[in-house]
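Q: Need coordinates for the following:
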Amino acid sequence: MAFIKINKQNFFHNLNQIALKTGSKEKIAIVLKDNAYGHGLELMARLSSEFGIQHAVVRKRSEAKKIETHFKSILVLGDDIVKDANISYAINTLEDIAKVEKGAKVELKVDTGMHRNGIEMHELEDALAAIKKQGLDLVGVMTHFRSADILSSELFWQQKNFENIKTKVTKAGFRDVRFHSHNSATLLRTKTFTEDIVRVGLAAYGYNELPKVFDATDLKPVLSLHAKKVSSRSLKAGERVGYSGDFVAEDEMTVSTYDLGYGDGWCRGSEFPSFMTAQNLPILGRVSMDFIALSSKADEVCIIDDAQDAAKQLGTISYEVMTALGSDIERQIV
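A: From the prediction side, this is the model:
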């Protein structure tokens, strides 16, 4: 079966670069949602802990329970809120607060301009009052920026809104609350980091989506995707490969099938030009559920070693390329 290599040295290099930005690895909260952006939830949790990361962010409680022994704190972004010793839960609406068990750790998300999740800014006082009344443990207040990865002033507008939120939370008498708004893009374009933690995902895995006008941070891709040969055959000129025979051999050639397909989360991509692998081999014809065809005799081939390059070919973004990869594909540390 196809397999994924996780480069530990590159991962630690990226975390070092991020720690230089934050001033401390203790301020890094590694985002491990959606199978750690396709890298493997439990594997990346172990490596993060080995590096010294103390905080993690996931999407669901089931993810948090699998990795809770590795971290001091875990934030769950979207699930039912229950009482846990070191797991906190995002609150997105006023209605959420009334449903929460007394003593549960919560982190209030405030919508400062993205208009996706979080209470509205004018609801802050009501939310804080309800949290007190319900007897909840408010351990964090956060927001998310909608345009940190584009060249505009919108980031500064949202940051100003969040500064006002911080002031109001402090004036309301809440103490020991961590404030966080920075994602990878925000951190990479920030000169001075002053918040309590950064929720870092994409940068930890080796990618910077910022325009070139911003200062570059040296990051290295962590994930590479490989496939193993299933069979080979010799084709004559004019013979066709795969469904509908979309690829036609112009001359005599050797074609091999490899054990990767859209059943593994690889893009079928029939509307795109032939995808060029990391070894400059075009995928011949259509991608099948379990197989691709290449003009190669090699026992193993590298399909991608840079998700950004792959995404450009497929007309998408690096996030989608990585998170689409099946969780049952073997991940191995190199």
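Q: how's this protein carved up into domains?
A: Per automatic domain parsing, the domain ranges recorded for the chain read 7-205, 223-333.
Q: Can you check which of these gets nearest to Thr217?
A: In terms of C-beta to C-beta, the element of the domains of the chain nearest to Thr217 is domain 7-205, at 5.4 Å. Where you see a C-beta, it was placed from the backbone N, CA and C, and this is true even at glycine.
Q: How much space separates Ala227 from Ser296?
A: 10 Å (C-beta to C-beta, to the nearest Å).
Q: more crowded one of the two?
A: The residue with more neighbours, out of Ala227 and Ser296, is Ala227; 25 against 18, by other C-beta atoms under 10 Å.
Q: pLDDT score for the more buried one?
A: You'll see Ala227 listed with a pLDDT of 98.
Q: hang on, Val110 is in a strand, isn't it?
A: Yes: per DSSP: H, G, I helix; E, B strand; the rest coil, Val110 lies within a strand segment.
Q: Check what pLDDT it gets.
A: Per the predicted model, pLDDT is 97 at Val110.
Q: mind listing what it touches?
A: 118-121, 124, 141-143, 162, 165 (C-beta atoms under 8 Å, 6 or more residues apart in numbering).
Q: Out of these, flag the one nearest to Val222.
A: Nearest to Val222 among the contacts of Val110: Met142, at 25.3 Å, using C-beta to C-beta.
Q: what sits opposite that closest one in the beta ladder?
A: Listed by DSSP bridges, the beta-bridge partners for Met142 are Lys109, His180.
Q: can you give me the strands in the stretch 1-150 of the chain?
A: Remark: strands assigned in the stretch 1-150 of the chain by DSSP state E, counting those that start in this stretch are 3-6, 28-31, 55-58, 73-76, 87-91, 105-111, 119-120, 137-142.
Q: mind listing what's buried in the helix or strand where Thr167 lies?
A: For Thr167, the element it lies in under DSSP states H and E is helix 154-171. For helix 154-171, burial by neighbour count (16 or more other C-beta atoms under 10 Å) applies to 155, 158-159, 161-162, 165-166, 168-169.
Q: again with stretch 284-294
A: Going by neighbour count (16+ other C-beta under 10 Å), the buried part of stretch 284-294 is 284-288, 290-294.
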